[in-house]
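**Q** structure of the sequence below:
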Amino acid sequence: MGEMVDQSAYEPYGEKVVVEGTAEPFAVALRAAIEASGLSLDRIQYRLRRRGIPISVTALSYWQLGRRRPERAGSLVAVRCLEGVLGVADGALTGLLAPPRPRGRVSRSQKRVSLDTLWSADRASVSSLLEKFNAGMDIGLVPISHHDLITVAADRGVRSMAVRQVLRAERDGVDRSVMVIDVEAATTPLPETVPIRACRFGRMARDEQAGFLIGELLFDRPLKKRETVVIEYVLRFPGPPYPQDNDTQCRKFKELIREYLIEVRFDPRMLPTGIEQFSLQTGEKIATSRGLVIEPTGDAHAVALDFGPGTFGMSWEWD
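**A** Numbering: from 1, shown residues only. Just a heads-up that it's a prediction; the model follows:
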C-alpha cells in the first residue's frame, strides 16, 4: 500500500495569512504564470490531481491573490508541481517562498550549523580546506531544492553522480557555491568534475590523507538578493573497476532544505538484495532508517522534505 496523502495539507487553512494590499512576490509571479498559461483554476486543479496532488480551487485562488501563502510541506510540494503544470522554470515559484515558520517551540531544523561540524570525525581536515575558500558558516546562499542521481555499474561501483541544485541568494553579489566530496577511502580516485548548467569549477583543494575534495562552483553571473539559480554538474569516477564507497551515498546539509531527492540507478543485471534510506538530524544520537523498493529497471529513490541540518542518504547490500 502506498503512502496516503493528507489532503488538508493542500487546503488554504493553516497556511500563513497575508495582509491584503501587500505586494507578495510569490502571488504576483503565480498570477502572471496562470494568466500566461491560459488555464483556468479548475483545469490547473485537474492537472495537479492527475499528478497525485489534491488541492482545492480555493487554495489556488488564495495563493494567486496573496491572501494566503503556502507553508506546509504538502503545500510546498504542490507549488513545485505547479511549476511544471504552468510551464515555468524550476524554482520560479518555490524560490519566492520564505522557509516555513516554526510551529510551537523553535525547531532544531531551523538552525544553521557550520559546514565542518557535519564531519565530526574529520572536522579539522574539512575546516582546514574550507579556510582556503573563506567558506565557513555563511556564503550567502539558501538551498531550495537538491537532486542527486547516482549511477552504479555492473561491478557494484559508483560510475557517476549527477547533481542539480536550486539556490537562492541572501544578499547581492553572491557568485559561487562550495562543493565538498568525501570519498570515504583515501585511496579512492577522485572524480572528474563536469559542469553542465549555469556554473563552472573554480579553485579546488584536496586532502590526500582524509580523502576530501573541496571545490568552488562559480555561477555564470553574480546574483541579486532573493534571486534564484539552477545549477547542474556531474561527477564521473574512473573505472572500471569503479569505487564502491562502502555501498553508501549521502548528502550533508548545514541548514534546512525544503526538498531533497536522492536516486540510485543500478545496472539491471546486478541488483542489490536490499536498500534503505537513513537520516540523522544534527543533535540527535540515533539515526532513522526505512526500507525502499528497487524497481525491475534498477531504480530506487528517497525524498526528504523540510530536512536539516543533518545527513540523509541511502545504503544497500549485495547478495
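**Q** quick check, pLDDT for Glu131.
**A** At Glu131, the pLDDT value in this model is 73.
**Q** what's it in contact with, if anything?
**A** If a contact means C-beta atoms under 8 Å, 6 or more residues apart in numbering, then Glu131 has no contacts. Placement of C-beta: from N, CA and C, glycine included.
**Q** how close does it get to Ser114?
**A** 12 Å (C-beta to C-beta, to the nearest Å).
**Q** low pLDDT regions in the stretch 1-150 of the chain?
**A** Across the stretch 1-150 of the chain, the ranges flagged by pLDDT under 70 are 1-23, 50-52, 71-74, 98-110, 115-126, 133-139.
**Q** what do you get if the cut-off is 90, keeping everything else the same?
**A** 1-29, 31, 42-85, 87-141 (pLDDT under 90).
**Q** can you give me the strands for it?
**A** Ranges of strands in the stretch 1-150 of the chain, per DSSP state E, counting those that start in this stretch, are 16-17, 68-69, 141-152.
**Q** the longest one packs against which elements?
**A** Counting contacts by 3 or more C-beta pairs under 8 Å, 6 or more residues apart in numbering; DSSP states H and E, strand 141-152 is packed against strand 158-169, strand 248-253, strand 257-266.
**Q** contacts for the helix or strand that comes right after the last one?
**A** Read in the C-terminal direction, the helix or strand following strand 257-266 is strand 274-281, with elements assigned using DSSP states H and E. Taking C-beta under 8 Å, 6+ apart as the criterion, the residues outside strand 274-281 that touch it are 108-109, 250, 262, 264, 286-292, 294, 300, 302, 304, 307-317.
**Q** change it to 6 Å
**A** Residues from elsewhere that reach strand 274-281 (C-beta atoms under 6 Å, 6 or more residues apart in numbering): 287-292, 294, 300, 302, 310-312, 314, 316-317.
**Q** what's the ChimeraX syntax to select whichever of the residues you listed are buried?
**A** Selecting only the buried entries of the contacts of strand 274-281 in ChimeraX, with 16 or more other C-beta atoms under 10 Å as the criterion:
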select :294,300,302,310,311,312,314,316
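**Q** of the contacts of strand 274-281, closest to Ile231?
**A** Phe312 (19.7 Å; C-beta to C-beta).
**Q** against Gln281, how distant is the closest one?
**A** As for Phe312, its distance to Gln281 is 9 Å (criterion: C-beta to C-beta).
**Q** got it, and Ile55?
**A** 29 Å.
**Q** neighbour count winner among the two?
**A** Ile55 (26 against 18; other C-beta atoms under 10 Å).
**Q** thinking again about what came up before, quick one, which of the helices and strands packed on strand 141-152 is nearest to Met179?
**A** Met179 lies closest, by C-beta to C-beta, to one member of those: strand 158-169, at 8.2 Å.
**Q** and that closest one, what's its mean pLDDT?
**A** 95.
**Q** restrict the helix or strand just after that strand to CA atoms and write it as CSV.
**A** Next helix or strand after strand 158-169 toward the C-terminus (DSSP H and E): strand 174-182. Extracted in CSV, the C-alpha atoms of strand 174-182 (Å, rounded to 0.1, in the frame of the first residue of the first chain):
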residue,chain,number,x,y,z
VAL,A,174,26.7,36.1,-4.5
ASP,A,175,28.6,34.4,-7.3
ARG,A,176,29.7,31.0,-6.1
SER,A,177,28.8,27.9,-4.1
VAL,A,178,31.1,25.3,-2.4
MET,A,179,31.2,21.6,-3.0
VAL,A,180,32.5,19.1,-0.5
ILE,A,181,33.2,15.5,-1.6
ASP,A,182,34.0,12.7,0.9
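**Q** pairing partners for strand 174-182, with directions?
**A** In the sheet, strand 174-182 lines up against strand 212-223 (antiparallel) (DSSP bridges).
**Q** would you mind listing the buried residues in the partner strand?
**A** 212-219, 223.
**Q** ok, stretch 148-167 next?
**A** Within stretch 148-167, the residues scored as buried using 16+ other C-beta under 10 Å are 148-153, 156-167.
**Q** same deal with stretch 190-207?
**A** Within stretch 190-207, the residues that count as buried by 16+ other C-beta under 10 Å are 190-191, 193, 198-199, 204, 207.
**Q** which of these fall in strands?
**A** Those of these mapping onto strands are 193, 199, 204, 207, per DSSP state E.
**Q** any chance of those residues in CSV with pLDDT and distance to Val77 as columns?
**A** Converted to CSV, these look like this (pLDDT from 0 to 100; distance: C-beta to C-beta, whole Å):
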residue, pLDDT, distance to Val77
Thr193, 89, 31
Cys199, 95, 26
Met204, 83, 36
Asp207, 71, 38
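**Q** wait, which of the contacts of strand 274-281 is closest to Ala36?
**A** Distances from Ala36 to those, taken by C-beta to C-beta, are shortest for Ala302, at 34.1 Å.
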